[in-house]
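> Structure for this input, please:
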Amino acid sequence: MFTATLIAAGRLSPQTLTDAVARLTDAGCAPGTPEWLDEGDAADIAITADPAAARTALEGAADGVDVVVQPAAGREKRLLVADMDSTMITVECIDELADYAGLKPQIAEITEAAMRGELDFAAALDARVALLRGLDASAIDRCRAERVRLMPGAVALVRTMRARGATTILVSGGFTAFAEPVGAEIGFDRVIANKLLVAEGALTGKVATPIVDSGTKERTLREARAAMDLPEAATLAVGDGANDLAMIGIAGLGVAYRAKPIVAAAAAARIDHNDLTALLWAQGIRRRDWITA
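Numbers count the residues shown, from 1 in each chain. Prediction:
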């Protein structure tokens, strides 16, 4: 048995569900009767055949609707491993930090190419950080206070999962100076990120090694899963860039969140329209059970 979850907070209509059932029937997926998780926000449709065909039939069928198709068993996850920049927060921290050095366009261009998978992540990180050499370290605190904002739904997702017994880990190719306070504010159990090196009150243009990269993210998920003695199906990974592909690929539910095309194409699930609370509905968790503060 599989479950197709349709999510469109405040915009999901009965007609959309009727149309979805018709599409699933035409695709040979043997759908059941839709059931509301939260009326107008999210609904489940049970299917008994061909989840890949169900996903194809439903994705893009209605404006503003995200679709997650997955096995019905083990739907609620026990481990979350999440990216930070443009996933748990709304910005890329290195791009915003570069603005304090007057270098945002140059660095943002490299960031975008790296996240699309067009550049080696480690080399791109070294190149960007090198351009920040000499920037006063006080810019980090200013940037964090003035530019970093939590992604809508991040707090509800992490705190709800933790309250229900899940372990949550933030693993970022960004920097501890941002990731540690962000992780604490959202409520993550653990935070892993790169460390910007500072000497005499200024950035040195280097990061501590070894760097946190795609391999680190994948390894973190594998090691946490093993330590908790969890099956693969009990894990959730979410990110937006090419350096998230490895962890997304081995998670029970790997989610591309407002992601670059290479990630959206490879992930088992995409969230393009809704905020991070979509991942609570995807787990079958109703709004009444969310922890939002």
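
> tell me the strands in the stretch 151-293 of the chain, going along the chain?
Remark: strands assigned in the stretch 151-293 of the chain by DSSP state E, counting those that start in this stretch are 167-175, 190-194, 196-199, 202-207, 235-239, 253-257, 269-271.

> okay, those, which one's buried deepest?
Most buried of these by mean neighbour count (mean count of other C-beta atoms under 10 Å) is strand 235-239; its value is a mean of 28. Any C-beta I mention is one placed from the backbone N, CA and C, and that applies to glycine too.

> Need the strands of the stretch 151-293 of the chain in a markdown table (columns: mean pLDDT).
Converted to a markdown table, the strands of the stretch 151-293 of the chain look like this (pLDDT from 0 to 100):
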| stretch | mean pLDDT |
| --- | --- |
| strand 167-175 | 97 |
| strand 190-194 | 98 |
| strand 196-199 | 97 |
| strand 202-207 | 98 |
| strand 235-239 | 98 |
| strand 253-257 | 98 |
| strand 269-271 | 97 |
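
> Show me the shaky parts of the stretch 101-250 of the chain.
Low-confidence segments of the stretch 101-250 of the chain, defined by pLDDT under 70, are absent.

> export the strands of the stretch 151-293 of the chain to CSV and tack on distance to P31?
Output for these, formatted as CSV (distance: least, C-beta to C-beta, whole Å):
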stretch, distance to P31
strand 167-175, 33
strand 190-194, 39
strand 196-199, 51
strand 202-207, 50
strand 235-239, 24
strand 253-257, 20
strand 269-271, 18
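
> phi, psi of the residue of the chain positioned farthest from its centre?
Here the chain reaches farthest from its C-alpha mean at E200, the gap being 35.8 Å by C-alpha atoms, centre = their mean. With angles defined as degrees, to the nearest 10, E200 sits at phi 50, psi 40.

> could you measure it against R144, distance?
According to C-beta to C-beta, to the nearest Å, E200 stands 21 Å off from R144.

> so which of the strands of the stretch 151-293 of the chain gets nearest A53?
strand 269-271 (15.4 Å; C-beta to C-beta).

> and that closest one, what other elements does it pack with?
Where contact means 3 or more C-beta pairs under 8 Å, 6 or more residues apart in numbering; DSSP states H and E, strand 269-271 is packed against strand 66-71, strand 253-257, helix 278-282.

> After the first one, which helix or strand is next?
Scanning forward in sequence from strand 66-71, with DSSP states H and E defining helices and strands, the next element found is strand 79-82.

> Next SSE downstream of that following strand?
Next element after strand 79-82 (DSSP H and E): helix 93-99.

> With just CA atoms, put that following helix into CSV.
Extracted C-alpha coordinates of helix 93-99, given in CSV (Å, rounded to 0.1, in the frame of the first residue of the first chain):
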residue,chain,number,x,y,z
CYS,A,93,24.8,33.0,4.2
ILE,A,94,28.0,33.3,2.3
ASP,A,95,26.3,35.4,-0.4
GLU,A,96,24.9,37.8,2.3
LEU,A,97,28.2,37.9,4.1
ALA,A,98,29.9,38.8,0.8
ASP,A,99,27.6,41.8,0.5
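
> For it, the averaged confidence score.
Helix 93-99 carries an average pLDDT of 97.

> Can you tell me what sits against that helix?
84-85, 104, 106-108, 111, 128-129, 131-132, 135, 139-140, 143-144, 147-148, 174-175, 178 (C-beta atoms under 8 Å, 6 or more residues apart in numbering).

> Counting neighbours, what do you get for the residue nearest to E218 when sequence neighbours are not counted?
Nearest residue to E218, sequence neighbours excluded (C-beta to C-beta, 6 or more residues apart in numbering): A246, at 3.9 Å. Counted with other C-beta atoms under 10 Å, residues neighbouring A246 total 21.

> Was I right to think L58 contacts A20?
Yes. Counting by C-beta atoms under 8 Å, L58 does reach A20; the two are 5.9 Å apart.

> overlap in contacts of the two?
4, 6.

> Can you classify P105 by secondary structure?
helix (DSSP: H, G, I helix; E, B strand; the rest coil).

> Distance of it relative to A124?
From P105 to A124 the distance is 15 Å (C-beta to C-beta).
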